[in-house]
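Engineer: sequence? don't have it. structure:
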């Protein structure tokens with residue numbers, strides 16, 4: 001879970017996810033990747049880690065952006081021998097109520113991705129995601145569908161195969177990894193329709209102009225993702 005300046009949300013997000021994971025009897029660690037937050041996010045995470053020992057691992061790093069924080073999480077998860085890697089965001093938009101449906105597919109799939117069938121964060125965000133998916137598919141030559149969805153479950157072997165194809169300095173790791181996974185032969189895919197909630201509080205640090213700039217840079221950079 002990449003986290004930046006989420007002091008308003010992070011305690012609630014973690015407190016609603018842990019019971020769902022516990023209820024499924026999954027052996028897990030929640031990797032909380034603090035991306036150089038400037039508010040009290042780190043202190044809250046450290047307090048939660050003390051409260052939920054052996055369940056939360058806090059990783060504090062200098063700010064490098066959402067994408068590279070995702071990359072950090074992928075790499076740490078692999079280093080810690082995780083057999084399955086779940087990526088979610090820290091703003092409360094990823095509803096844990098859908099996760100049992102994700103987990104029910106894991107024996108028959110290598111990648112279980114959410115598909116944002118409905119959204120609560122506005123028409124503009126929906127249009128941006130749809131455009132991103134279409135353009136990414138055209139540039140990459142593979143059908144990436146909801147390319148930047150942050151609700152995704154990946155088998156270790158799939159991530160090990162795909163991650164080296166994505167340059168480590170690529171800012172939009174989410175989309176690049178989707179492309180790399182789609183290019184891997186023989187991977188089994190499942191999609192779970194989800195409702196993507198509006199963020200639960202606080203201010204989104206990524207505004208529309210910034211998204212547009214990141215999107216343009218990403219599309220130009222997709223050619224760097226190895227086939």
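Structural biologist: Structure's in. What do you need? Note that this is a predicted model, so its numbers are computed, not measured. Numbers count the residues shown, from 1 in each chain.

Engineer: how many neighbouring residues does residue 122 have?
Structural biologist: Using other CB atoms under 10 Å as the criterion, residue 122 is surrounded by 10 other residues. C-beta: built from backbone N, CA, C; applies to glycine.

Engineer: for residue 80, see how far away the closest residue to it other than its chain neighbours is.
Structural biologist: Nearest non-adjacent residue to residue 122, counting by CB to CB, 6 or more residues apart in numbering: residue 198, 7.6 Å away. Counting by CB to CB, to the nearest Å, the separation of residue 198 from residue 80 is 32 Å.

Engineer: ok, those two, which is more surrounded?
Structural biologist: residue 198 (14 against 10).

Engineer: mind listing the helices for the chain?
Structural biologist: 10-23, 41-51, 66-79, 99-103, 123-140, 156-162, 173-183, 208-221 (DSSP state H).

Engineer: which elements pack onto the third one?
Structural biologist: When contacts are defined as 3 or more CB pairs under 8 Å, 6 or more residues apart in numbering; DSSP states H and E, helix 66-79 sits against strand 2-3, strand 30-35, strand 56-61, strand 84-87, helix 156-162, helix 173-183.

Engineer: can you check the longest one too?
Structural biologist: If contacts are counted by 3+ CB pairs under 8 Å, 6+ apart, helix 123-140 sits against strand 111-119, helix 173-183, helix 208-221.

Engineer: looking at the ones you listed, which one has the lowest mean pLDDT?
Structural biologist: Among those, helix 208-221 has the lowest mean pLDDT, at a mean of 63.

Engineer: dump the helices of the chain into TSV; add distance to residue 89 and mean neighbour count as well.
Structural biologist: Listed next are the helices of the chain as TSV, based on distance: least, CB to CB, whole Å; neighbours: other CB atoms under 10 Å:
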stretch	distance to residue 89	mean neighbour count
helix 10-23	9	16
helix 41-51	14	17
helix 66-79	8	19
helix 99-103	14	18
helix 123-140	13	16
helix 156-162	18	18
helix 173-183	10	24
helix 208-221	14	14
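
Engineer: for the ones you listed, give me a markdown table that also has distance to residue 34.
Structural biologist: Shown next, in a markdown table, are those (distance: least, CB to CB, whole Å):
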| stretch | distance to residue 34 |
| --- | --- |
| helix 10-23 | 9 |
| helix 41-51 | 5 |
| helix 66-79 | 9 |
| helix 99-103 | 23 |
| helix 123-140 | 24 |
| helix 156-162 | 22 |
| helix 173-183 | 17 |
| helix 208-221 | 21 |
